[in-house]
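Q: this one's structure only:
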C-alpha cells in the first residue's frame with residue numbers, strides 16, 4: 001500500500017511540474033515561435049535532446065527563460081545570441097559553421113576518409129602477402 005501511495009504522490013508532483021512548465025503563450029503566433037525555438041536549442045544536461053523534449057530541470061529553466069524573453073519582446077536572434085553568449089555554440093542544436101566549429105562539421109567526412117585509408121592499407125598489405133606466398137590464397141580446412 002505504501003508503494004502505491006508513494007507512486008501516486010510522485011505522479012502528482014511530476015504532473016504538476018509539467019503543467020507549470022507547459023504554460024502556453026496567449027498569442028498563437030508567439031506560441032508557434034516558442035515551440036520552434038525550443039526545438040532548435042539543445043538541452044545541456046541530456047545533450048542529444050532539444051529543450052522542448054527534455055525533462056531535465058535545466059531544460060525547464062531554459063524553456064521558462066525563452067518564454068519570458070519572448071513575452072518581453074525579444075526576437076529569436078536576440079534570444080539565441082543571449083543563450084549562445086551564456087552557454088556557447090553547444091546550446092544550439094545546429095551550431096553555425098564558423099572557424100571554431102569546422103572540425104565538428106568536418107568530423108564525419110574525416111572519419112569516413114580515415115576509415116577508407118585504413119581499409120585500403122589493409123587490402124594492399126594482404127594482396128602483397130598473397131603475391132609473396134600464393135599458398136595463403138588456398139582455402140582453409142572446414143574443421144578448424
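A: Arrived safely, thanks for sending. The structure displayed is predicted, hence computed values, not measured ones. Residues are numbered from 1 along each chain as shown.

Q: so where do the helices sit in this protein?
A: Ranges of helices within the chain are 2-21, 28-38, 57-71, 76-87, 102-132, based on DSSP state H.

Q: and the spatially most central residue of the chain, its phi and psi?
A: For the chain, the residue nearest the mean C-alpha position is residue 48 (2.8 Å; C-alpha atoms, centre = their mean). Note on residue 48: backbone dihedrals following degrees, to the nearest 10 are phi -110, psi 20.

Q: domain parsing of the chain, as residue ranges.
A: As assigned by automatic domain parsing, the chain contains the domains 1-96, 97-137.

Q: now, of the ones you listed, which is deepest in the fold?
A: When the domains of the chain are scored by mean count of other C-beta atoms under 10 Å, the highest mean neighbour count falls to domain 1-96 (a mean of 14). Glycine gets a C-beta too; all of them are placed from N, C-alpha and C.

Q: so how far is it from its chain's centroid?
A: Distance of domain 1-96 from its chain centroid, counting by C-alpha atoms, centre = their mean, to the nearest Å, is 15 Å.

Q: could you pull up the mean pLDDT of it?
A: For domain 1-96, mean pLDDT rounds to 81.

Q: show me the contacts for residue 76.
A: 33, 37 (C-beta atoms under 8 Å, 6 or more residues apart in numbering).

Q: how far away is it from residue 51?
A: Computed with C-beta to C-beta, to the nearest Å, the distance linking residue 76 and residue 51 is 14 Å.

Q: shouldn't residue 41 be in contact with residue 91?
A: Yes. Using C-beta atoms under 8 Å, residue 41 is in contact with residue 91, at 5.8 Å.

Q: anything in contact with each of these two?
A: With contacts taken as C-beta under 8 Å, 6+ apart, residue 41 and residue 91 have residue 83 as neighbours in common.

Q: next, give phi and psi for residue 133.
A: Phi and psi for residue 133, reported as degrees, to the nearest 10, are phi -140, psi 90.

Q: look at it and report its pLDDT.
A: 79.
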